[in-house]
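> Build me a structure from this.
(chains A and B)
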Amino acid sequence: MTTTAPIAPSLAPGNTLLEIRAVSKRFGPREVLKALSLEIVSGEFLTLLGESGSGKTTLLRLIAGFEQPTVGEIWMHGTRLDTLPPYSRRVNTVFQQYALFPHLTVSENVAYGLRAAATPKPEIAARVNDALAMVRMQEFAAAKPTKLSGGQQQRVALARALVNRPKLLLLDEPLSALDANLRKEMQSELKSLQREVGITFLFVTHDQEEAMALSDRIALLRDGGLEQVASPREIYAHPATAYTAQFIGHTNLLRAIVREGVADCGGFYFPSALPEGSALFSLRPEAVDLFANAPHTAHAVRFTASIRQQIYAGATELLELQTDSGAILRARIGASAALTGTHEFVFSASDATPVKD
Amino acid sequence: MYSRAYKLLISVPPILWVALFLLFPYALMFAHSFWSVSDGVIFHNWNLSNYRTLIHNPLYWQVLLRTAGIAGSVTVLSVLLGYPLAYFLSFNAGPRKELLYQLVIVPLWVSYLVRGYAWKTILGSDGVLNGFLQYLHITNEPVSALLYSPFAVILMLTHIYTPFVFLPIYASLEHIPRLLVEASQDLGASPRSTFFRVILPLSLPGLLAGATFAFVLSLGDFLAPLLVGGPSGTMIANLVQSLFGAAFDWPLGAAISILILLFTLAILALTQRLEKRWSFE
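So this is what the prediction gives:
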């Protein structure tokens, strides 16, 4: 995974570009968005992550203006956005199916928005040329879109949107139609492009790896509501809910009873500051190791378990463990020899993150 | 793979059909156009006198021009009626779409002749329209100019061919991905601008096909002028009919027919080329 240090966008008030205020959207009896509120900061790369049906595309269409909120308002830089028609919003969209105009050439496609805005002709020519250079599609300027490959069409769609210098660029799963290799390549291009142009990106995807690789912040949607909004590192290390922990990366969910400052997971114990009663912890597989590999772990929690399965993945191995009390746990450890039988394992108590059910 | 004998067997009937009922009559007509007639007898003496008559006699040119004018008017009017109708049905009709579509198609099930006589009833001196005008005291006596005029022919042909223009336009509009309309609006184009820059160009092949239908079919029409045209509404097909009938001048009639045929073929060739250039898939 190519995580880059996030350029922390300052979250100071006044730097907010888009404000979604308690927006609900109903299609007949179905409530697709439920009183959702979200602020998008100027210059950030924000990803709307969620399963299909979570409402992420609907939210994007509300911001673009193709749908109207049933309840709530959307504001951009102090002006109300949701009452404007789509063609009056300084927002552009890169569509999943590209949506290039088949009767226009590549450069006419890119010039479309500038022409609609009655930009002077020499300026159009210069900006179209720059935009095509930016996505390395200059040599195809005179071609018709149907003659291009999927990746090339995607680049043109990107240039067609960016050439208008929108305040906000909406990207609706733009990479999902590309094959895996091209997809990885376009991911890193997209990221550096966003840094280069400094335009705020709102990116929709159902692919959590893609979200982690690209975003400054991730907004995880679930059933039309926001589950958690945080930076990729934060959301991975401190998932607020069990859903988040399972959706972003893999995890072990440990059900425990907290009594007198100790969490009892049935088989192993560790100190916890949580109030008395039942609790749920997320423990990432990579936090668990063979005791032999990490004998000096701080706040170590040791337990013995038998190995049920071992899956080799090159640099790492995924182990499926069964503890003495019968619980199933996954551990990701550095590549080792084939393991069998019972071994002693360890994890740090601080890696067990309390999550809401 | 099919055997040679089988392929031959199934291709013979259509070839025979085309030869017997298309190629042979056309060849016969072509030959006639170079012959001449005298005292009711056709002489097989090859010459160009029929074509010379056509060029030198202004009567034929007048009728031909009027015919082209009527066909052109019918084309323009049925596009002006058919396009908005198709646009409305395709983009704005909502759940009533199927029903409205059927309503547009229904007139095609009614006999051409019945529709012609209907117009006679509407436009005639003691017809529905004149009765209505007199009832409203807009006129004191019937307006005779309504029936038996080029106007009546244009009206009737437009009524008949509008569904023919509507159908291909509707099909091409239905074919336009709605995502492109959204993309255009997203890029800042108003609905008006989106229509002229995306929807209209993408529906041109359908519009062209419809316009060609209307023009070519009304160019050769002889029933409408016969029913509602009167002397001032005579079209070229009526001329051909009378030359082959009462006047018994088959050679001249054949020459005019060849001329119309060539004209029609030229239009079809032109529109086919344009259609190719304007199609995008």
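
> how much space between B:S203 and B:S172?
As defined by CB to CB, to the nearest Å, B:S203 lies at a distance of 4 Å from B:S172. In this view, the C-beta of every residue, glycine as well, is placed from N, C-alpha and C.

> Which one's more surrounded, the two?
B:S203 (26 against 23; other CB atoms under 10 Å in any protein chain shown).

> I'd say the more buried one and B:L173 touch.
Yes - assessed by CB atoms under 8 Å, B:S203 is found in contact with B:L173 at 5.2 Å.

> The residue nearest the centre of chain A and A:L182, how far apart?
The C-alpha lying nearest the average C-alpha coordinate of chain A belongs to A:A211 (CA atoms, centre = their mean; 2.7 Å). The gap separating A:A211 from A:L182 is 18 Å, by CB to CB.

> wait, doesn't A:E39 sit right on A:E19?
Yes - using CB under 8 Å, A:E39 is in contact with A:E19, at 5.3 Å.

> What degree of burial does the residue nearest to A:A177 when sequence neighbours are not counted show, as a neighbour count?
Take A:A177 and drop its neighbours on the chain: the residue closest to it by CB to CB, 6 or more residues apart in numbering or on different chains is A:G150, 5.7 Å away. Using other CB under 10 Å, A:G150 has 14 neighbouring residues.

> next one: A:F101
When neighbours are defined as other CB under 10 Å, A:F101 has 21 of them.

> List the contacts of it.
Contact analysis of A:F101 by CB atoms under 8 Å, 6 or more residues apart in numbering or on different chains lists A:E108, A:N109, A:Y112, A:P145, B:L180, B:A183, B:S184, B:V198.

> ok, 10 Å please
A:108-109, A:112, A:144-145, A:160, B:180, B:183-184, B:187, B:197-198, B:201-202, B:280 (CB atoms under 10 Å, 6 or more residues apart in numbering or on different chains).

> With A:A263 instead?
With contact taken as CB under 10 Å, 6+ apart, A:A263 is in contact with A:254-257, A:269-274, A:278-279, A:281, A:301, A:349, A:352, A:354.

> how about a cut-off of 7 Å?
Listed by CB atoms under 7 Å, 6 or more residues apart in numbering or on different chains, the contact set of A:A263 reads A:A256, A:Y269, A:F270, A:S272, A:L274, A:A279, A:F281.

> What is the nearest of the residues you listed to A:T57?
Closest approach between the contacts of A:A263 and A:T57, by CB to CB: A:F281, at 33.2 Å.

> who in the stretch 101-250 of chain A is up against chain B?
A:F101, A:P102, A:H103, A:Y112, A:G113, A:A116, A:A117, A:N164 (CB under 7 Å from any CB of the partner chain).

> quick one: pLDDT of the second one?
Taken from the predicted model, the pLDDT recorded for A:P102 is 94.

> Check the secondary structure at it for me.
coil (DSSP: H, G, I helix; E, B strand; the rest coil).

> Surely it and A:A143 touch.
No - counting by CB atoms under 7 Å, A:P102 does not reach A:A143; the two are 11.8 Å apart.

> phi, psi of A:T304?
Per-residue torsions, A:T304: phi -110, psi 140 (degrees, to the nearest 10).

> so what pLDDT did it get?
89.

> Could you give the number of residues near the residue lying closest to it once chain neighbours are set aside?
With CB to CB, 6+ apart as the criterion, A:T304 has its nearest non-adjacent residue at 5.2 Å, and that residue is A:E344. Neighbour count of A:E344, defined by other CB under 10 Å: 12.

> same thing with B:P14?
Quick note: B:P14 (other CB under 10 Å) scores 9 neighbours.

> element containing it, please.
Assigned by DSSP states H and E, B:P14 falls within helix B:4-18.

> the strands in the stretch 51-200 of chain A, which residues?
Along the stretch 51-200 of chain A, counting by DSSP state E, counting those that start in this stretch, strands occupy A:71-76, A:79-80, A:91-94, A:168-172, A:200-205.

> From the chain's centroid, how far away is the third one?
Same thing as strand A:91-94. On the basis of CA atoms, centre = their mean, to the nearest Å, strand A:91-94 is displaced by 18 Å from the centre of the chain it belongs to.

> Repeat that for the second one.
Centroid displacement of strand A:79-80 relative to its chain, using CA atoms, centre = their mean, is 27 Å.

> Paired strands for that strand, with orientation please.
Strand A:79-80 pairs in its sheet with strand A:71-76 (antiparallel), by DSSP bridges.

> average pLDDT for the longest helix along chain A?
Using DSSP state H, we find that the single longest helix of chain A is helix A:180-197. The average pLDDT within helix A:180-197 is 87.

> so how far is it off the chain centroid?
14 Å.

> how big is the angle separating that helix from strand A:168-172?
Here the directions of helix A:180-197 and strand A:168-172 differ by 170 degrees (axes from the mean of the first three to the mean of the last three CA atoms, to 10 degrees).

> Can you tell me which helices and strands helix A:180-197 packs against?
The contact analysis (3 or more CB pairs under 7 Å, 6 or more residues apart in numbering or on different chains; DSSP states H and E) places helix A:180-197 against helix A:150-162, helix A:208-214.

> Let's see that with 8 Å instead.
Using 3 or more CB pairs under 8 Å, 6 or more residues apart in numbering or on different chains; DSSP states H and E as the contact test, the elements touching helix A:180-197 are helix A:121-134, helix A:150-162, helix A:208-214.

> Would you mind finding the most buried of those helices?
Among the helices and strands packed on helix A:180-197, helix A:150-162 has the highest mean neighbour count (mean count of other CB atoms under 10 Å in any protein chain shown), at a mean of 24.

> which sections of the chain are below the confidence cut-off?
No chain specified, so I'll use chain A. A:1-14 (pLDDT under 70).

> Chain B is the one I meant
B:1, B:280-281.

> the strands in it, which residues?
B:36-38, B:41-43 (DSSP state E).

> Can you give me the buried ones in the first one?
Okay, so that is strand B:36-38. Buried residues in strand B:36-38, defined by neighbour count with 16 or more other CB atoms under 10 Å in any protein chain shown: B:S36, B:V37.

> which outside residues touch it?
Against strand B:36-38 from outside (CB under 8 Å, 6+ apart): B:I42, B:F43, B:N45, B:N47, B:S49, B:N50, B:F248, B:D249, B:W250, B:P251, B:L252.

> Name the residues of the stretch 51-200 of chain B found near chain A, please.
Taking CB under 8 Å from any CB of the partner chain, the part of the stretch 51-200 of chain B that reaches chain A is made up of B:177, B:179-180, B:182-191, B:193, B:197-198.

> So which of these belong to helices?
B:L179, B:L180, B:E182, B:A183, B:S184, B:Q185, B:D186, B:P191, B:S193.

> just the buried members of those?
Buried subset of these (neighbour count, 16+ other CB under 10 Å): B:L180, B:E182, B:A183, B:S184, B:Q185, B:D186, B:S193.

> Which member of those is positioned nearest A:L81?
Closest to A:L81, out of all of those and judged by CB to CB, is B:D186, at 13.6 Å.

> B:L268 versus the residue nearest to that closest one when sequence neighbours are not counted, what's the distance?
Spatial nearest neighbour of B:D186, chain neighbours left out: A:T93 (4.8 Å); criterion: CB to CB, 6+ apart. A:T93 is 42 Å from B:L268, where distance means CB to CB.
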